[in-house]
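*Asks:* Give the three-dimensional model of this entry:
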Amino acid sequence: MDIIRLDNCRIDNQAPTPKERLPYSNKVRGYFLRGPITLEWLEKAAHLPGKAFTAAIAIRLQEGISKTQGFKVDMKFRRAFNLSRYAWSRALKSLATAGLIQYQASRGRSARITVLEI
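*Replies:* Predicted coordinates:
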């Protein structure tokens, strides 16, 4: 049996204290898109003019959060994606014309949106 010298090494047999341990969490933090989103749906949205694709991503983001069939997109997502109310309105019209969404707009209120799968 060989002898190993450990003159300059210090060995601690103690486990790290709770303050030294890194917190572990398998929970996903922040916002993310829920899928599956078909590539055909994304391609159709990407070929639309203006900020329609940006609005489509905001819609899909809100859809994943709300988990309901008809929903309204929060103002914070429209601001985060830099969508003015005019650009938002034009984007909803072009997404609906392309057959990607249906929406009900009423004066002074946010539009209720339903995503259509292709």
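
*Asks:* and the lengthiest helix in the chain, what's its mean pLDDT?
*Replies:* Secondary structure of the chain per DSSP state H: the longest helix is helix 52-66. Helix 52-66 carries an average pLDDT of 94.

*Asks:* Now do that helix: which elements does it pack against?
*Replies:* Here helix 52-66 touches helix 39-46, strand 70-72, helix 75-80, helix 85-97, strand 112-115, going by 3 or more C-beta pairs under 8 Å, 6 or more residues apart in numbering; DSSP states H and E. Where C-beta positions appear, they are placed from N, C-alpha and C, glycine not excepted.

*Asks:* CA-only coordinates of that helix in PDB, if you can.
*Replies:* Only the C-alpha atoms of helix 52-66 are listed here, as PDB (Å, rounded to 0.1, in the frame of the first residue of the first chain):
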ATOM      1  CA  ALA A  52     -48.200  41.300 -36.900                       C
ATOM      2  CA  PHE A  53     -45.600  38.700 -36.000                       C
ATOM      3  CA  THR A  54     -44.700  40.600 -32.900                       C
ATOM      4  CA  ALA A  55     -48.400  40.800 -32.000                       C
ATOM      5  CA  ALA A  56     -48.700  37.000 -32.700                       C
ATOM      6  CA  ILE A  57     -45.900  36.300 -30.200                       C
ATOM      7  CA  ALA A  58     -47.600  38.500 -27.600                       C
ATOM      8  CA  ILE A  59     -50.900  36.700 -28.200                       C
ATOM      9  CA  ARG A  60     -49.200  33.200 -27.900                       C
ATOM     10  CA  LEU A  61     -47.500  34.400 -24.700                       C
ATOM     11  CA  GLN A  62     -50.800  35.500 -23.100                       C
ATOM     12  CA  GLU A  63     -52.500  32.400 -24.300                       C
ATOM     13  CA  GLY A  64     -50.000  30.200 -22.400                       C
ATOM     14  CA  ILE A  65     -50.600  32.300 -19.200                       C
ATOM     15  CA  SER A  66     -54.400  32.400 -19.400                       C
END
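
*Asks:* hang on, the earlier thing: can you put the helices and strands packed on helix 52-66 in CSV and add distance to residue 106?
*Replies:* What follows is these, written out as CSV (distance: least, C-beta to C-beta, whole Å):
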stretch, distance to residue 106
helix 39-46, 24
strand 70-72, 11
helix 75-80, 16
helix 85-97, 13
strand 112-115, 8
